[in-house]
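>>> Here's my sequence, what's the structure:
(2 chains)
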Amino acid sequence: MLLTALCLTLLVFFLTNLAPNLEKLAKTQGNFRMADEEVTTYLANHGYAQPFLAKYGQWLGVLPGYVIKGHDGQTRAKCAPENRAIETAPRFCGILQGNWGQSSVIKKDVGTVIADKLALTGKLMFWVLVLMVPSALLIGVLAGMREGSRTDRTLSTISITTSATPEYVSGVLFIAVFASSAVGLKWFKGTATSAMDNATFENFFLPVLTIAAYGMGYIARMTRASMAEVMTSQYIRTARLKGVSFGNIVVKHALRNALIAPFTVIMLQFPWLLNGVVIVETLFNYKGFGWAMVLAASNNDIELLLGISVVSVIVVLLTQLISDIGYVYLNPRISVT
Amino acid sequence: MTDLLGWGGIIGQMMVQFAPTLIALIATFALSITYKRRLGLYGKLFDSTIGMIGLALVLFWVYTAFFAGVLDLIATHDPLDQSASMKKKLPGTPYSKLIGKADPEAGAYYILGGDNLGRDVFSRVIAGSIKVILIAPFATIFAFMVGVTLGLPAGYYGGKFDTVLSFIANLVMAFPVILLFYLLVTPEIVHTGIPVYMAAILFIFPVIFLTILWQSRYDTQPAKRNIYVGITLVIGLWLYLGIAWDADPLGLIRFPPNLLVVFVAVVFVNAPTVFRIVRGLVLDIKTRDYVAAAQTRGEGPWYIMLWEILPNARGPLLVDFCLRIGYTTILLGTLGFFGLGLESESADWGKMIIDGRKLLSANILHIAIPPALALLSLVLGLNFLADGLREESLRD
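Numbers count the residues shown, from 1 in each chain, chains lettered A, B, ... in the order given. Okay, the predicted model is just below:
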């Protein structure tokens, strides 16, 4: 896991530190009409011209941060922000020392930016899960209860449809139907910017619904398959022959075993949801984690981008771990070995 | 000056424009249903309603792209032609031009209205379909070639080779797709030439795959083998030089560089998943008796992988192939949505959707909705088709 995170950040570091990207960074930070020599001096002054691995080591915190006397006579150090004296600055300041660096777009410490944005996205994700998981399980169980029935066919078609609709299509359709006066419903708001401080049903439901709909279909299909399999097993037949009512069979006998497979699927959906979050936050102008990622990537904000990729990789790997552990916990037949 | 068309008129006009597609579609269905008993798995598709709906939706866009791209039918206007007097006009507005002369061959109406630059939405949706139908299946085929060529030995041999490849595959899959796109598909990256190197690595796999395929099959018949391998190498390497390196010795094959980046990025994202699926299937199938029989017979490992294991894994792979084309379509839309990897004017469904989204709050719906519905129907069709195929292949 650590190795994966290291490799991925190295990759992001490599791609963002390619010469044309640095040139773009220098031009957006300085001014757009910089000549080539000015770009070179800018990059040298700000420590971008060092060898690639040295820069990576400094970001990580295993090499001492640079102290460069620039061509303009001013001395700059990685570990000393502009308002701090260089002499008092620590020698190492990488991610291992808890220093995430400085965002060049938002002009703030990357750590605080990410914490803010994660809190906003966490709120979004929480409501997505609240909406998505129960409804997906309900659809799956209802469909898998009687395989091949009309309910099954209808619900299966619905879940295929929602899982085939990418967020940017369903989002646009939802806005058009529920938020514009051309259709006339105007139940919800088309943007979620105001939901960042004050989330209400009116301004927050559409983004939540858009993300939830895409993930819902897949979980519902998994639940259906697992439910259908359980319903054909021996102990269900025994219960039926004993004379247990159908409702009791489904709720008391089948449900628990049928929910093992969907659990892992729900956990593994997280990386997908992360993708959806980026699209939906852009679509609804909700300034969370995904929005920050788009901002950082389009401005080649190296440190913010690295911070974001570290966090998202940790999220992905953590959910894989939880799904493995949870699987063992739910299914006693599988041992940890 | 003609009047605004009503909704009936709009639908009528669209039917007229789509006539070639609809005729081809009906002809295909009539022929297929008549001869469905002789057509194998394809024929069985016509036994399931959902499979038929899926096939109809997919074929609709395939025929539309074909007629529009090859025969220049269906679309009424040039997708890039702007007309200042048609900006944000409602569906069914008669075509007029403020400056310059109107193209005499162009249609009389903007059937689905004009977009924010006064271009015909209907023609742009059609132009977008050509792009999707061209890229999505080919990118998926390439991803499958890469995934299969690497997944077969990884599953069959296991060991260090498998560990390393699985690690790399997991690495790519742990990466948020959109972040990857943002890092790979930018004009700056194109300057560094990285996409070309990636293309050089990824696109050699189909050639390797086919060469090994023939070599392992006709190893004992050198005459036949030489012909097949020779043809594959000549055509394959020629295409390879043209597409990946833009160095076709005859100068016939070229690939626009920004399209190449999109293509490479999409293949790169899909290949690890295919690798995982193939590897899992091989792990399952290699314990079967017919594999043991082939091993006892003294067949080479590649023969067993390509001619014993692969054909027996075709069911799940075919289903995944359909789903993956749909997923690739979604990815292409995502790229367009973030405005990555295309010229600013070109017709692309994802880009049209995000452009139209900005006008939704101004109550102009007809710019964003048509491309959204087009993309939705194609992906939905592919999913239904996959579902139908799964149902029918389970029945054998």
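>>> Where does the closest residue to chain A within the stretch 201-350 of chain B sit, in terms of helix or strand?
Closest residue of the stretch 201-350 of chain B to chain A, CB to the nearest CB: residue B:330 (4.4 Å). No exception for glycine: its C-beta is placed from N, CA and C like everyone else's. Remark: residue B:330 resides in helix B:314-337, with elements defined by DSSP states H and E.
>>> Also residue B:161?
Assigned by DSSP H and E, residue B:161 belongs to helix B:159-174.
>>> Show the contacting residues for residue A:3.
The contact partners of residue A:3, taken as CB atoms under 8 Å, 6 or more residues apart in numbering or on different chains, are residue B:167.
>>> State the distance from it to residue B:72.
Between residue A:3 and residue B:72 the distance, using CB to CB, to the nearest Å, works out to 54 Å.
>>> and residue B:110, what are its phi and psi?
The phi and psi values for residue B:110, taken as degrees, to the nearest 10, are phi -90, psi 100.
>>> ah, wrong one, I meant residue B:93
For residue B:93, the backbone dihedrals (degrees, to the nearest 10) come out as phi -80, psi 140.
>>> Tell me what it is bridged to.
residue B:110 (DSSP bridges).
>>> if I look at it, how far off is chain A?
Residue B:93 is 16 Å from chain A, where distance means CB to the nearest CB, to the nearest Å.
>>> what's around that residue, how many residues?
The local packing of residue B:93 (other CB atoms under 10 Å in any protein chain shown) involves 21 other residues.
>>> can you give me the strands for the stretch 201-337 of chain A?
Counting by DSSP state E, counting those that start in this stretch, the stretch 201-337 of chain A has no strands at all.
>>> one step back: hmm, the residue of the stretch 201-350 of chain B closest to chain A is touching residue A:165, no?
No: in this structure residue B:330 lies outside contact range of residue A:165 using CB atoms under 8 Å: 9.1 Å.
>>> shared neighbours of the two, which are they?
Contact criterion CB under 8 Å, 6+ apart; residues shared by residue B:330 and residue A:165: residue B:379.
>>> Measure how buried the residue nearest to residue A:187 when sequence neighbours are not counted is and give me the count.
Spatial nearest neighbour of residue A:187, excluding adjacent residues (CB to CB, 6 or more residues apart in numbering or on different chains): residue A:178 at 5.0 Å. Number of residues near residue A:178 (other CB under 10 Å) recorded here: 17.
>>> Kindly report the same for the one 3 residues further on.
Residue crowding around residue A:181 was assessed by other CB under 10 Å; the count is 10.
>>> cool, residue B:34 as well?
For residue B:34, the neighbour count with other CB under 10 Å is 10.
>>> Could you check the helix holding residue B:161 against chain A for contacts?
Yes: applying CB under 8 Å from any CB of the partner chain, one finds helix B:159-174 touching chain A at B:167, B:170, B:171, B:173, B:174.
>>> which residues touch the residue nearest to residue A:187?
Going by CB under 8 Å, 6+ apart, residue A:178 touches A:185, A:186, A:187, A:188, A:206.
>>> List only buried entries from those.
With burial judged by 16 or more other CB atoms under 10 Å in any protein chain shown, the buried subset of the contacts of residue A:178 is A:188, A:206.
>>> Out of the contacts of residue A:178, flag the one nearest to residue B:23.
residue A:185 (38.3 Å; CB to CB).
>>> What pLDDT does the model give the closest one?
We have a pLDDT of 70 for residue A:185.
>>> That one in helix, strand or coil?
When classified by DSSP: H, G, I helix; E, B strand; the rest coil, residue A:185 comes out as coil.
>>> Contact partners for the residue of the stretch 201-350 of chain B closest to chain A?
A:166, B:375, B:379.
>>> Wasn't the second one part of a strand?
No: the assignment for residue B:375 by three-state DSSP gives helix, which leaves it out of any strand.
>>> I'd say it and residue A:170 touch.
No: judged on CB under 8 Å, residue B:375 makes no contact with residue A:170 at a distance of 10.8 Å.
>>> For those two, indicate the residue with more neighbours.
Ranked by neighbour count (other CB under 10 Å), residue B:375 and residue A:170 place residue B:375 first, with 30 against 22.
>>> contacting residues for that one?
Contacts of residue B:375 by CB under 8 Å, 6+ apart are A:166, A:169, B:132, B:329, B:330, B:333, B:349, B:350, B:353.
>>> Repeat the analysis, applying 7 Å as the threshold.
Residue B:375 makes contact with A:169, B:329, B:333, B:349 under the criterion CB atoms under 7 Å, 6 or more residues apart in numbering or on different chains.
>>> didn't the second one look like it was pressed against residue B:380?
No: look at residue B:329 against residue B:380 with CB atoms under 7 Å: they stay out of range, at 10.4 Å.
>>> Compare those two and say which is more crowded by neighbours.
Shown here are residue B:329 and residue B:380; by other CB under 10 Å, residue B:329 has more neighbours (27 against 22).
>>> circling back: local confidence estimate at the residue nearest to residue A:187?
83.
>>> Look at it and give its secondary structure.
For residue A:178, the assignment made with three-state DSSP gives helix.
>>> what's the spacing between it and residue A:277?
Distance of residue A:178 to residue A:277, given as CB to CB: 20 Å.
>>> same question, residue B:67
On the measure of CB to CB, residue B:67 and residue A:277 end up 39 Å apart.
>>> So these two - more neighbours on which side?
Taking other CB under 10 Å, residue B:67 and residue A:277 do not tie; residue A:277 has more neighbours (26 against 22).
>>> Next SSE downstream of the biggest helix by length in chain A?
If you go by DSSP state H, chain A has its longest helix at helix A:110-145. Moving toward the C-terminus from helix A:110-145, the next helix or strand (DSSP H and E) is helix A:150-164.
>>> ok, the spatially most central residue of chain A - contacts?
Geometric centre of chain A, nearest residue: residue A:274, 2.5 Å, by CA atoms, centre = their mean. Contacts for residue A:274 were tallied using CB under 7 Å, 6+ apart; they are A:312, A:315, B:176.
>>> Residue A:192 now?
If you count contacts by CB under 7 Å, 6+ apart, then residue A:192 has A:203, A:204, A:207, A:284, A:285, A:286 around it.
>>> how far away is the fifth one from chain B?
I take that to be residue A:285. Distance from residue A:285 to chain B, by CB to the nearest CB: 10 Å.
>>> Okay, that residue and residue A:301: tell me how far apart.
Look at residue A:285 and residue A:301: by CB to CB, they are 19 Å apart.
>>> So which of these two has more stuff around it?
Set residue A:285 next to residue A:301 and count neighbours by other CB under 10 Å: residue A:301 wins out with 27 against 15.
>>> before we move on, back to that, just the buried residues from the contacts of residue B:375, in PyMOL please.
Restricted to buried positions by 16+ other CB under 10 Å, the PyMOL selection for those reads:
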select buried, (chain A and resi 169) or (chain B and resi 329+333+349)
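>>> Next, the angle helix B:314-337 makes with the helix or strand hosting residue B:268.
Assigned by DSSP H and E, residue B:268 belongs to helix B:257-285. Helix B:257-285 and helix B:314-337 meet at an angle of 150 degrees, taking axes from the mean of the first three to the mean of the last three CA atoms, to 10 degrees as the criterion.
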